[in-house]
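Trainee: Sequence isn't available, so here's the structure alone:
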DNA sequence: TGAATCACG
DNA sequence: ACGTACGTGATTCAG
């Protein structure tokens, strides 16, 4: 058997693991970030399992300076300090490596690539196949030696990749691997601060080498190179020579390859168990160490769940002697069970489907998933359905392109779907429900959406099924890209993929989702978020499905006319700006605009720059300059009109559904950390209203026909009512109870006058403070926002704090709660974790503190309207109304109302909105309702 | 792909 | 001394 040596570039892999999960970091209950430890361990374990190396070593860099640093002081000079979390992970990772009984190699004065290069060549000389495990392309130069390869572990959905000399040459577009150092010398490396030749990148370097073969030859012939490139090369000669030297990996480092040291040995399980327990690697620990790992786990104390997440009696922890024995022996883990032990059946005849239905009818919980032709559920055709009710077992029913046949299959399944006692489990069920609704299929039972379970357990970060599977099951499922290719114009269609492959993919999805449900289910209780999950999020799914199915009618002719008008006016503004500037330029480019305003016209000597070094030209900046510079109002005018045109007026008519001719937005139910919905494709939650020209666009949203009219109902000052209610501040509660205008009442208190004496300006300022409170604003921010002095702002805030001391108390106690518990929560128990709340960094902590104040307010409002939607939806069904709920805009609901139903519908909406979530301290909830021939009129 | 800008609550 | 309001999504430019 050939001997296979794997050499791991530790730091490169650690960095990659850390940043791969940066958007949804793994945090332990004690607040440690374990991205790097998790990712590295996963990679290492998968590698051992899959590639079956006979020999293995991990190479680290040391802190000692290398020859490269002494020769060239800028080397790696602009490399940023690694994040704290990442550095803290290194000792853990070294413990893990020790646990696997793998040697760590490091040598002062040399970098990991030098050590790896030297060992690789020695081992290859000794007859090994050597794989250097790294994402770094620079290693390509070492492939001069046959039997040495680069192994790039799987990353972010792409498969692992083994690079030989030929593949490396293809990647760089060069003829021989020897040229890797030449290309690096020419182009440099921004990460390591290797300069190369200024203005020469990868493509140019490859071109030069095609002609001149080596870097030295390029430099010798510099005088023959024409044009700007020749100039660059002549200027960069010296730099190129240094760069090549820096990029050359040293292969005669004083290390010796001794094969007995690098041989894979038995693991030190005790060490591994200790580290994994400490890092809270539950599923990963189990995957690597097998069932025995559970026996060592103390938390959660002996709780295990059965197939459907019900708590069952757990086995007693293993006796001490057994523990010692297991630790002493060491043992290899089972293979990835998902790959080997599953049974996925293809149900491609009516008989098989019927047989399946008979079994499925016995179940109370079934996991299912649809395969379709389109990511837009409203345009999708069904390609197949998969089901699972037992882990590692799943069924796939293909649906032919012939829609009649597909309907016949669905007719068979309808008996199953209409069972009221079955709970349907799925990941993002709204999608599947919507696809089925277009086939007239409706699910009668309750829903259990794993995406939403994860949302309430961990509202931040992403939750694609692939990610959840990796995180909670330690298993990487088949990626959809492997079937239909990457997103883009060449993306294929699920319909064209071989049925066997779709079966494996689809069945696995249902299987994994079922397992995910089991993994997530105990966390709902652990984190105490069951209420919001069962009473708010899951029941909302069917409501949103129906809203997305309906869509809203858009008056395209009106928009076309309006577009022309906006274009005409925008041109005029643009002309005015060009005239004032004395030169035409791209007014849509903030960069060019900044240069014109602040360098050419010099309208503000104190112009501020953004963090990227450009001039800031945002609306707030420009408004301050508007008084003295007439050009500014033309710029703002242009901005307003082009924004309206490109984002709404031109975009909306492109998004009409092919079947309905209406616009169907999609609501994201698991995106906003506070619990709000968000709307996309198109976003119908940001249709203009604040300016006259913008507001016009609302006229384009109209009822579906002459028998209908639009109804809009919105909560009045809901967030401030929630502040009053949960803070219990007597003055603010009182104002609401008396039905006062809250901003006027606030102004009266703050300025010490009667309600009737409050001026417009005073009310405006009080409104500013009220909003500031909701966001945790400072005096500076208030001053900036209201355009008043800082001292004035401070006085107002001080008065506010005195008059509404309950609110100040609430803010302080909320922050304290967050500091002690690490989270804040809404009235429905929706939580947001604030891991930075105790940070020593002022800015970071400040951000967390403002979140602590704002999230319960914004989140409670979100809970309330979601519950109102569920109630209204149910009441409309009960009354058999044919009017439809169409849109939700955070505190507003829009309906297509059958005119004859208005008398029933209006009170039904208002009463359910008000009663959806009663507030403490008897603070009343008010809602208002309007009717009109378009959205503007109704609002 | 990220930054800047701006639409909404 | 520092930076300064919460939550979203779409469009445009530019590297």
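Mentor: Arrived safely, thanks for sending. Remember, it's a predicted structure, so these values are computed and weren't measured experimentally.
Trainee: okay, now residue A:247: neighbour count?
Mentor: Counted with other C-beta atoms under 10 Å, the neighbours of residue A:247 add up to 24. To be clear about C-beta, it is placed using only N, CA and C from the backbone, and glycine gets the same treatment.
Trainee: For residue A:118, which non-adjacent residue is closest in space?
Mentor: residue A:253 (4.2 Å; C-beta to C-beta, 6 or more residues apart in numbering).
Trainee: Could you look up the SS state of the closest residue to residue A:619 other than its chain neighbours?
Mentor: Of all residues beyond its chain neighbours, the one nearest residue A:619 is residue A:636 (6.7 Å), with distances taken as C-beta to C-beta, 6+ apart. Of the three states, residue A:636 takes helix under DSSP: H, G, I helix; E, B strand; the rest coil.
Trainee: Residue A:636: neighbour count?
Mentor: 15.
Trainee: My guess is it contacts residue A:620. True?
Mentor: No. The criterion here is C-beta atoms under 8 Å, and residue A:636 misses it with residue A:620 at 11.1 Å.
Trainee: how many neighbours does the residue nearest to residue A:118 have?
Mentor: 19.
Trainee: so who does it touch?
Mentor: Counting by C-beta atoms under 8 Å, 6 or more residues apart in numbering, residue A:253 touches A:107, A:110, A:114-115, A:117-118.
Trainee: Can you tell me how far it is from residue A:63?
Mentor: Residue A:253 sits at a distance of 17 Å from residue A:63 (criterion: C-beta to C-beta, to the nearest Å).
Trainee: Ok, residue A:715 next?
Mentor: In terms of C-beta to C-beta, residue A:715 sits 58 Å off from residue A:63.
Trainee: More neighbours: those two, which one.
Mentor: Just comparing residue A:715 and residue A:63: by other C-beta under 10 Å the higher neighbour count belongs to residue A:715, 23 against 6.
Trainee: Look up the residues forming beta bridges with that one.
Mentor: Legend: beta-bridge partners of residue A:715 under DSSP bridges are residue A:927.
Trainee: Tell me where chain A is predicted with low confidence.
Mentor: A:22-24, A:30, A:73-81, A:156-158, A:190-191, A:291-292, A:294-341, A:486-490 (pLDDT under 70).
Trainee: Now the residue of it found nearest DNA strand B. Nearest residue, chain neighbours left out?
Mentor: Across chain A, the shortest distance to DNA strand B (C-beta to the nearest atom of the strand) belongs to residue A:610, at 2.9 Å. Counting by C-beta to C-beta, 6+ apart, residue A:616 is the residue found nearest to residue A:610 once chain neighbours are left out, at 5.1 Å.
Trainee: ditto for residue A:935
Mentor: residue A:701 is the one closest to residue A:935 (C-beta to C-beta, 6+ apart), at 3.8 Å.
Trainee: Need phi/psi at the one you found.
Mentor: Dihedral angles of residue A:701 (phi, psi; degrees, to the nearest 10) stand at phi -90, psi 110.
Trainee: show me the contacts for it.
Mentor: With the criterion set at C-beta under 8 Å, 6+ apart, residue A:701 makes contact with A:552-555, A:687, A:710, A:894, A:934-935.
Trainee: Out of the residues you listed, which comes closest to DNA strand C?
Mentor: Checking these one by one against DNA strand C (C-beta to the nearest atom of the strand), the nearest turns out to be residue A:687, at 10.9 Å.
Trainee: Might one say that that closest one is in contact with residue A:696?
Mentor: No. At 10.7 Å, residue A:687 does not count as touching residue A:696 under the criterion of C-beta under 8 Å.
Trainee: coming back round to it: between all of the contacts of residue A:701, which two are at the greatest distance?
Mentor: A:555 and A:894 (15.2 Å; C-beta to C-beta).
Trainee: Neighbour count: the two, which is higher?
Mentor: residue A:894 (23 against 16).
Trainee: mind checking the backbone torsions on the more buried one?
Mentor: Torsion angles at residue A:894 (phi, psi; degrees, to the nearest 10) stand at phi -120, psi 140.
Trainee: and residue A:201, backbone torsions?
Mentor: According to degrees, to the nearest 10, residue A:201 has phi -110, psi -170.
Trainee: How about the secondary structure of the residue nearest to the spatial centre of chain A?
Mentor: In chain A, the residue lying closest to the centroid (C-alpha atoms, centre = their mean) is residue A:462, at 3.7 Å. Here residue A:462 is recorded as coil under three-state DSSP.
Trainee: ok, now how distant is it from residue A:553?
Mentor: Per C-beta to C-beta, residue A:462 is found 34 Å from residue A:553.
Trainee: Spit out the contact partners of residue A:99.
Mentor: Counting by C-beta under 8 Å, 6+ apart, residue A:99 has contacts A:267-269, A:271-272, A:275.
Trainee: Can you say which of the residues you listed are buried?
Mentor: For the contacts of residue A:99, a neighbour count by 16 or more other C-beta atoms under 10 Å gives the buried set as A:267-269, A:271-272, A:275.
Trainee: filter those down to the ones close to DNA strand C.
Mentor: Taking C-beta under 7 Å from any atom of the strand as the test, DNA strand C is in contact with none of the buried ones among the contacts of residue A:99.
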